[in-house]
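In: Mind looking at a prediction? Sequence and model below.
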Amino acid sequence: MKRIVIFASGSGTNAENLITYFKNRTHASVIQVLTNNPHAKVLDRAKNLQVSALSFNRIAFSQTDDVLNILKAGDPDLIVLAGFLWKIPEFILNEFPNKVINIHPALLPKYGGKGMYGNHVHEAIVNNKETETGITIHYVNEHYDEGAIIFQAKCKVLPTDTAQHVAANIHKLEMEHFPKAVDQLLNDK
């Protein structure tokens, strides 16, 4: 069985969607959720779905091997960033080559990079009068949002849309496509 570890920083709706999607599958499952936020709602979501969940601090993540050792012990086939806001250290990427992916709430390479997450992205899209946006699932490398693109899905942006409208449309795309794209990626490995 393929093993998935999820990193998340916030409410965890994408993590919950992935856990639920893989819950009764025979070929893959989410074995653990890791977060940098000890107050993140994703911890409650994981607990309610009976998935191991741990929080860690920046020292454990980037200055010691603590998080790396947790990952090694779990032996994941795929590490999925689902609303995780910290840059993954190179030593973790080197240990898990082509096994770390992220979902981004825009059509990369547009609206990527440090500080471009959540409402920051949606507001920029509305302010720049974009006519479409979407989601990008991509491999993670040493630079924010620059890894190879795996999958994109698009939606229209109307002239009357607010950042909240865009966020709602992006959320729908994430819920529909993220688990399927992860599943397809695991099947291809």
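Out: Here it is on my side, so go on. Residues are numbered from 1 along each chain as shown.
In: burial measure for the nearest residue to residue 89 once chain neighbours are set aside, as a count.
Out: Sequence neighbours aside, residue 62 is the residue nearest to residue 89 in space, at 4.7 Å (criterion: Cβ to Cβ, 6 or more residues apart in numbering). The way it works is simple: take the backbone N, C-alpha and C, and place the C-beta from them, glycine included. By other Cβ atoms under 10 Å, 18 other residues sit near residue 62.
In: Need the contact partners of stretch 151-163.
Out: Identification of contacts with stretch 151-163 by Cβ atoms under 8 Å, 6 or more residues apart in numbering yields 107-108, 119, 122-123, 125-126, 129-137, 165-166, 169-170, 172-173, 176-177, 181, 184.
In: buried stuff in that stretch?
Out: Buried residues in stretch 151-163, counted by 16 or more other Cβ atoms under 10 Å: 151-153, 155, 157, 161, 163.
In: That stretch: end-to-end distance?
Out: End-to-end distance of stretch 151-163 (Cα to Cα, to the nearest Å): 23 Å.
In: what distance separates it from the centre of its chain?
Out: Stretch 151-163 has its C-alpha centroid displaced from the chain centroid by 20 Å (Cα atoms, centre = their mean, to the nearest Å).
In: quick one: the longest helix along the chain to chain centroid distance?
Out: Counting by DSSP state H, the longest helix found in the chain is helix 163-188. Between the centre of helix 163-188 and the centre of its chain there are 10 Å (Cα atoms, centre = their mean).
In: Which one of the buried residues of stretch 151-163 is nearest to residue 144?
Out: Using Cβ to Cβ, residue 152 is the member of the buried residues of stretch 151-163 that lies nearest residue 144, at 17.2 Å.
In: what's the closest non-adjacent residue to the closest one?
Out: Leaving aside its chain neighbours, residue 152 sits nearest to residue 136 (5.1 Å; criterion: Cβ to Cβ, 6+ apart).
In: how about that neighbour, what does it touch?
Out: If you count contacts by Cβ under 8 Å, 6+ apart, residue 136 has them with 103-104, 106-108, 112, 145, 149, 151-152.
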